[in-house]
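Asks: I would like to see how this sequence folds:
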Amino acid sequence: MCLSTVYRAGEAISPDSVLAEYVTGIEVDEPAGIVRLVDIAGEQTEFAGRLRSVDLIKNQAFLELESAD
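Replies: Next comes the predicted model:
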């Protein structure tokens, strides 16, 4: 089973840039601009933004979050 860590795009990989760990699924609602992450326990977390990239070898994904301006 592959579990991924999801980070904020454009930031150095660090504990502060982690958005979610042990992610088993990523769903993208493009028209709404929502990215939904599902973890190993089935918990869902939603972020307003876009999926920027996924590295299946390193088990990493990067989200570009919408600013809260």
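
Asks: Mind pulling the model confidence for Ser67?
Replies: Ser67 is assigned a pLDDT of 79 by the prediction.

Asks: What is the neighbour count of Val6?
Replies: Number of residues near Val6 (other Cβ atoms under 10 Å) recorded here: 25. In short, each C-beta sits where N, CA and C put it, glycine included.

Asks: burial count for Ala61?
Replies: 22.

Asks: so what's it up against?
Replies: Ser4, Thr5, Val6, Tyr7, Val23, Ile26, Leu51, Ser53, Val54, Asp55 (Cβ atoms under 8 Å, 6 or more residues apart in numbering).

Asks: Run through the residues that contact the first one.
Replies: Contacts for Ser4 (Cβ under 8 Å, 6+ apart) come out as Val23, Thr24, Ile26, Val54, Asn59, Gln60, Ala61.

Asks: what does the fourth one give?
Replies: The neighbours of Tyr7, taking Cβ under 8 Å, 6+ apart as the test, are Ile13, Ser17, Val18, Leu19, Gln60, Ala61, Phe62, Leu63.

Asks: before we move on, back to that, turn the buried ones among the contacts of Ala61 into a named ChimeraX selection, would you?
Replies: Remark: buried members of the contacts of Ala61, expressed as a ChimeraX selection using 16 or more other Cβ atoms under 10 Å:
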select :4,5,6,7,23,26,51
